[in-house]
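A.B. asks: Need coordinates for the below:
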Amino acid sequence: RFSMYHIDEIRNKIHLGLHTVQNTEDTRYPGTYSNHDDSWNFSKFKNNFKFDIISRTAREVEFDMIGIDTPFANAFRRILLAEVPTMAIEEVFIYNNTSVMQDEVLSHRLGLLPINVDPRLFEMKLKGEKATARNTLQFRLKMRCKRNKKAPADATNPDKLYTNSKVYTRNIEWEPLGDQKDW
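C.D. replies: Okay, the predicted model is just below:
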């Protein structure tokens with residue numbers, strides 16, 4: 001049997017052990033603890049919930065939600081992510097891939113990159129439609145990994161053994177189509 005103090009301890013504190021983190025889950029479900037009412041109550045939620053805007057710009061907002069259960073906060077986060085218009089790399093044409101990474105894996109990873117562009121400036125490209133400045137962004141990635149001739153003979157670190165052993169987003173160049181450069 002749990003005392004009220006023990007229940008509050010479980011709910012409100014994360015315990016850091018030497019190798020573990022405990023009490024990270026939410027236990028506020030009806031029937032979890034006997035003789036304790038965990039049913040959801042709108043007036044209680046309304047009194048406890050606090051929404052503080054920390055900073056706000058034209059492109060982002062930072063806020064704190066206080067007094068909200070983890071599942072509700074996560075649902076709110078997912079709704080926000082789903083409603084933010086975004087663009088992603090969808091089609092990848094590989095001319096010559098000499099890396100150890102397979103074309104499909106490289107294409108998938110490129111599709112995960114965030115593209116800093118306003119999607120409202122574009123139209124959805126339909127299947128079979130030609131690429132235009134209004135429905136396509138074009139990028140170029142041209143890298144060549146070479147053995148570093150100045151690397152020490154006993155080196156095992158790829159960063160020392162090779163030049164360009166890693167590819168970063170800064171290596172991807174935007175190639176404007178049509179009048180995109182003027183936008």
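
A.B. asks: What are the boundaries of the strands in this protein?
C.D. replies: With DSSP state E as the criterion, the chain has strands at 15-16, 21-22, 50-56, 61-66, 139-141, 146-147, 162-163, 172-174.

A.B. asks: For my notes, please list these in a markdown table and give distance to L110 and mean pLDDT for each entry.
C.D. replies: Using the backbone N, CA and C atoms, a C-beta is placed for each residue, glycine as well. Compiled in a markdown table, the strands of the chain are given as follows (distance: least, C-beta to C-beta, whole Å; pLDDT from 0 to 100):
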| stretch | distance to L110 | mean pLDDT |
| --- | --- | --- |
| strand 15-16 | 38 | 69 |
| strand 21-22 | 34 | 75 |
| strand 50-56 | 31 | 94 |
| strand 61-66 | 28 | 89 |
| strand 139-141 | 8 | 93 |
| strand 146-147 | 22 | 90 |
| strand 162-163 | 21 | 92 |
| strand 172-174 | 8 | 94 |
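
A.B. asks: right, so those: which one is the most enclosed?
C.D. replies: Greatest average neighbour count among the strands of the chain goes to strand 162-163 (a mean of 15), per mean count of other C-beta atoms under 10 Å.

A.B. asks: Adjacent strands (with direction) for that one?
C.D. replies: When pairing is defined by DSSP bridges, strand 162-163 lines up against strand 146-147 (antiparallel).

A.B. asks: Contacts for the partner strand, please.
C.D. replies: For strand 146-147, the surrounding residues in contact (C-beta atoms under 8 Å, 6 or more residues apart in numbering) are L161, Y162, T163, N164.

A.B. asks: and what of stretch 90-107?
C.D. replies: Under C-beta under 8 Å, 6+ apart, the answer for stretch 90-107 is I89, R109, L110, G111, R144, C145.

A.B. asks: Which single one of those residues is nearest to E175?
C.D. replies: Taking C-beta to C-beta as the measure, E175 lies nearest I89 of these, at 13.2 Å.

A.B. asks: who's in contact with the closest one?
C.D. replies: With contact set as C-beta under 8 Å, 6+ apart, I89 has these partners: S107, L110, G111, L113, I115, F139.

A.B. asks: same thing but 7 Å
C.D. replies: Neighbour list for I89: L110, G111, L113 [criterion: C-beta atoms under 7 Å, 6 or more residues apart in numbering].
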